[in-house]
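Peer 1: quick one: sequence plus predicted model below, questions after.
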Protein chains: 2
Amino acid sequence: MNTAELSIAKRPGRPLSFDREKALNDAMLQFWRTGYETTSVSTLTNAMGITAPSLYTAFGDKESLFLECLERYSNPGPKTTPELILKAPSARQAAQTLLESSAYWFTQPDYPAGCLVASAASSGSETSHRVRAALTTIRKANEKALQRKAERDVREGRLPKTADARALSAMTIAVMQGMSTLARDGADRKALLSVVQAAMMAWPADQS
Amino acid sequence: MNTAELSIAKRPGRPLSFDREKALNDAMLQFWRTGYETTSVSTLTNAMGITAPSLYTAFGDKESLFLECLERYSNPGPKTTPELILKAPSARQAAQTLLESSAYWFTQPDYPAGCLVASAASSGSETSHRVRAALTTIRKANEKALQRKAERDVREGRLPKTADARALSAMTIAVMQGMSTLARDGADRKALLSVVQAAMMAWPADQS
DNA sequence: CTCAATACGTAACGAGCGTTATGTATTACT
DNA sequence: AGTAATACATAACGCTCGTTACGTATTGAG
C-alpha cells in the first residue's frame, strides 16, 4: 500500500453517485456563461445533473462552489499565470503571450465567449463581496507579476530606462479585460488577435 | 403662450409629488454602483426616496428605468460620444480624448468608480437580454464611430496606409473597458492617465 | 360641486431565491 | 450481522424578488 492509495483512501459512508470533477466543470461553464449572482442554484443543478442537496453535500454552498470553479478556471495547468509571466524571456514577450492566449481562450468554439474572471461580477451587491474580492485578487496578481517582470527588464536593460513598467502592465491587463467584453459582444478570434497586435505596438522593443 | 409652455402643459390628474429628474439620477447612481440585475427594486426605491408604486407610475418597470438611466448616463451633454469622435481633428486625437475623459470620468470623487456601461451587465441571464443588447449597442456605436474616423484618416493620409483602422479602434475601446475594471479595482486617476499614455503609443503619430 | 384622471400609501401577490430538515439507501469498519 | 457514517430523493423552509390591487388623496376641467 503506497502513499497514493492512502491519499485516496475511501472515507466511511456512502460515496458520491456522480462524477464530482465533471459536475464542477459543468458548474464552471454555467458561471462562465451567466455570471455569479445571476446564476441560480436551480440553473446550476440542471447544468450539473444533480439535485440541490447533492450540490450542498459535495461543494458546501453556492459561494464555495463558485470559488472552487474560479480556482479550476484560473489554474487549469500545472503553472499559474503569474508563474508563467515570471518565467517568460521578457516582460514584453510575457505580455504578448498573455494577450494572444487570451485571444484564443476567449473565442474557443463550444465554450462561453470571454473570460470568467473578467465578466463574472464586475459590479454586484454587497452580499457577494467575497466573490468580488477573489476576482479582484486574481486580476491584481496578474498585473503585479507583469509589473515586476517589466521593472526587472528596465533595471537589466531589456526595456529602455524611460519605459513606464507600471503603466505598460496595467495597460496590458486593461486590454485583456477589454478583449473579454469584445468577445462577449461577438468579436471573433481574428479580430482579437489584431487587437493584440495593435496593443503590442505600445511596448518598446526588447533591447538586444 | 409659446410652444415651450405648450410642451409642458400639465396633464390632468394629480402630479408627481417628487422630482422625477432627481429620482432618475439617484437610480442611475445606484445602478452604476451595483449593476442591473443585482440591484433590487427595494434598493432602488430606498435610494430614490420613493415607494415602489411611485417608481412604476413614473418609470414603467425596472427595465425601462434602467434604459432611461442608461440614456441619461451615455448622453449627458448635447452631443453623443460618436458625434464627438467624428468631429475630432483626427482619429488619434479622438481616441486620446475618449480615453482621457474616461480616465477622469471613471475616477470622479463621490461617484461610483468605473463605467456604468462597462460594468452593469457584462454577463447575465437570458431574462435581461434587452438590457444587455442596449449596453452592447452603446459599446459598438463608439467602436464603429472611431473605426470610421480612422478609416477616413488612412484614406486622407493622416494615418499611414499600413495602419489597421479596425484593430486600433477595437484596441482603444478595449482599453477603455479595461480601465473601468481597473478603476473598480481601486486604480486612481493618475494610474489611469498613465495607462492612456501607454496605450496611445500604439497609435501611429498623425502625419503632417 | 362634480367628474375624470392621475398619484399616493398600504399591503399583498405569485414566483423564485438559497438553503435545509427528514427519512431512506448505500457504503466501510468491526 | 451490526453499527456508524455518508449520500440520496422529496419536500419544504423563510426570504426576497419584481410587480400590482385597492382604497384614498390630490389635481384640472366643465
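Peer 2: Received it, and whenever you're ready, just let me know what you need.
Peer 1: confidence score at A:Asn2?
Peer 2: Looking at A:Asn2, its pLDDT reads 36.
Peer 1: and the contacts of the helix or strand hosting A:Leu99?
Peer 2: Using DSSP states H and E, A:Leu99 sits in helix A:91-105. Residues outside helix A:91-105 that contact it (C-beta atoms under 8 Å, 6 or more residues apart in numbering or on different chains) are A:81, A:84-86, A:88, A:115, A:142, A:146, A:149-150, A:152-153, A:158-159, A:165, A:168-169, A:172, A:175-176, A:179-180, A:189, A:192-193, A:195-196, A:199-200, A:203-206. Any C-beta I mention is one placed from the backbone N, CA and C, and that applies to glycine too.
Peer 1: how many other residues sit next to A:Lys87?
Peer 2: A:Lys87 is surrounded by 10 other residues when neighbours are defined as other C-beta atoms under 10 Å in any protein chain shown.
Peer 1: give me the subset of the contacts of helix A:91-105 lying in helices.
Peer 2: Assignment to helices by DSSP state H places the following of those there: A:81, A:84-86, A:142, A:146, A:149-150, A:152-153, A:165, A:168-169, A:172, A:175-176, A:179-180, A:189, A:192-193, A:195-196, A:199-200.
Peer 1: buried subset of those?
Peer 2: When neighbours are counted using 16 or more other C-beta atoms under 10 Å in any protein chain shown, the ones in helices among the contacts of helix A:91-105 contain these buried positions: A:81, A:84-86, A:142, A:146, A:149-150, A:153, A:165, A:168-169, A:172, A:175-176, A:179-180, A:192-193, A:195-196, A:199-200.
Peer 1: quick one: name the residues of chain A near DNA strand D.
Peer 2: If contact is defined as C-beta under 7 Å from any atom of the strand, the residues of chain A in contact with DNA strand D are A:11-18, A:50-54, A:57-58.
Peer 1: gap between A:Leu116 and DNA strand C?
Peer 2: 17 Å (C-beta to the nearest atom of the strand, to the nearest Å).
Peer 1: just the buried ones from the residues of chain A next to DNA strand D, in ChimeraX syntax?
Peer 2: In ChimeraX, selecting the buried portion of the residues of chain A next to DNA strand D, with burial taken from 16+ other C-beta under 10 Å, looks like this:
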select /A:50,54,58
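Peer 1: contacting DNA strand C as well, which ones from the residues of chain A next to DNA strand D?
Peer 2: A:12-15, A:52-53.
Peer 1: need those in TSV with pLDDT, distance to A:Gln96 and secondary structure, can you?
Peer 2: Formatted as TSV, the entries for those read as follows, by pLDDT from 0 to 100; distance: C-beta to C-beta, whole Å; DSSP: H, G, I helix; E, B strand; the rest coil:
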residue	pLDDT	distance to A:Gln96	secondary structure
A:Pro12	87	52	coil
A:Gly13	90	51	coil
A:Arg14	94	51	coil
A:Pro15	96	46	coil
A:Ala52	98	45	helix
A:Pro53	98	47	helix
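Peer 1: between those residues, which is nearest B:Ser40?
Peer 2: Minimum separation from B:Ser40 among those (C-beta to C-beta) is found for A:Ala52, which lies at 23.0 Å.
Peer 1: tell me, what residue is most central in chain A?
Peer 2: What sits nearest the mean C-alpha location of chain A, by C-alpha atoms, centre = their mean, is A:Ser74, with 3.7 Å.
Peer 1: how many residues are close by the closest residue to that residue other than its chain neighbours?
Peer 2: Leaving aside its sequence neighbours, A:Ser74 sits nearest to A:Ile138 (C-beta to C-beta, 6 or more residues apart in numbering or on different chains; 5.4 Å). The number of residues packed around A:Ile138, counting by other C-beta under 10 Å, is 20.
Peer 1: near chain B, list only the ones from the ones in helices among the contacts of helix A:91-105.
Peer 2: With C-beta under 8 Å from any C-beta of the partner chain as the criterion, the ones in helices among the contacts of helix A:91-105 include A:168, A:175-176, A:179-180, A:195, A:199-200 near chain B.
Peer 1: which two in those residues are spaced the farthest apart?
Peer 2: For these, the maximum inter-member distance is 19.6 Å, found between A:Leu168 and A:Ser180 (C-beta to C-beta).
Peer 1: I'd like the next helix or strand past the worst-scoring helix or strand of chain A on mean pLDDT.
Peer 2: When each helix and strand of chain A is scored by mean pLDDT, DSSP states H and E, helix A:3-7 comes last, with a mean of 36. Sequence-wise, the next helix or strand downstream of helix A:3-7 (DSSP H and E) is helix A:20-34.
Peer 1: by contact count, what packs against that following helix?
Peer 2: Of the remaining helices and strands, those touching helix A:20-34 by 3 or more C-beta pairs under 8 Å, 6 or more residues apart in numbering or on different chains; DSSP states H and E are helix A:41-48, helix A:52-59, helix A:62-74, helix A:116-119.
Peer 1: quick one: A:Phe31 and A:Glu63 touch, right?
Peer 2: No - when contacts are counted by C-beta atoms under 8 Å, A:Phe31 is not listed as touching A:Glu63 (11.4 Å).
Peer 1: neighbour count for those two, which is higher?
Peer 2: Set side by side, A:Phe31 and A:Glu63 show unequal neighbour counts under other C-beta under 10 Å, the larger going to A:Phe31 at 27 against 15.
Peer 1: tell me how far the more buried one lies from A:Pro160.
Peer 2: 42 Å (C-beta to C-beta, to the nearest Å).
Peer 1: A:Ala202 too?
Peer 2: To A:Pro160, A:Ala202 is 13 Å away according to C-beta to C-beta.
Peer 1: where does pLDDT dip in chain A?
Peer 2: For chain A, the stretches with pLDDT under 70 are A:1-9, A:122.
Peer 1: which residues of it lie near DNA strand C?
Peer 2: Proximity of chain A to DNA strand C (C-beta under 7 Å from any atom of the strand) is limited to residues A:9-10, A:12-15, A:39-43, A:52-53, A:56, A:61-63.
Peer 1: indicate the residue of chain A located nearest to DNA strand D.
Peer 2: Across chain A, no residue is closer to DNA strand D than A:Gly13, which sits at 2.1 Å (C-beta to the nearest atom of the strand).
Peer 1: mind listing what that residue touches?
Peer 2: Applying C-beta under 8 Å, 6+ apart, one finds that A:Gly13 lies in contact with no residue.
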